[in-house]
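Chemist: Please work out how this folds:
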Amino acid sequence: MVGRIGDFIIRGGKNISAAAVEEAAIAHPAITAAAAVAMPDAVFGEKVCLYATLVTDATLTLDALTEFLLANGVSKENYPERLIILDELPLVSGGKVAKQTLRDDIRQRLAAEDI
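Modeler: So this is what the prediction gives:
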């Protein structure tokens, strides 16, 4: 298992490895870096949100990423349900992705959408 112990997204009682989602997504040629985090969901408890950075001048939609994952035989449980493209992922000291910052960001985005 790659990644941190306990770095799981619990969707409908099923543990989804954030590292497995990231590994599948980073195989896409447009993605340079990826971080999967849990986003709150009223029905499933949590869903998979993927933050990604892209190669210069690339574009990517969630649908295009899903098609890529399907074509590469990735298990559907490892498909992100939301894709957010950033210029760069936030980092903490030591160079690790600041996943708490990303979790806070998706909660804020969801709250803003409910307005």
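Chemist: which residue ranges form the strands in this protein?
Modeler: Counting by DSSP state E, the chain has these strands, from start to end: 8-11, 14-17, 31-41, 45-54, 82-85.
Chemist: which residues pair with the spatially most central residue of the chain across the strands?
Modeler: Against the mean C-alpha coordinate of the chain, by Cα atoms, centre = their mean, the closest residue is L50 at 1.7 Å. On the basis of DSSP bridges, L50 is bridged to A36, L83.
Chemist: isn't it right up against I85?
Modeler: No - the criterion here is Cβ atoms under 8 Å, and L50 misses it with I85 at 9.5 Å. To be clear about C-beta, it is placed using only N, CA and C from the backbone, and glycine gets the same treatment.
Chemist: For the residue nearest to E81 when sequence neighbours are not counted, grab the count of nearby residues.
Modeler: Sequence neighbours aside, K47 is the residue nearest to E81 in space, at 4.4 Å (criterion: Cβ to Cβ, 6 or more residues apart in numbering). By other Cβ atoms under 10 Å, 19 other residues sit near K47.
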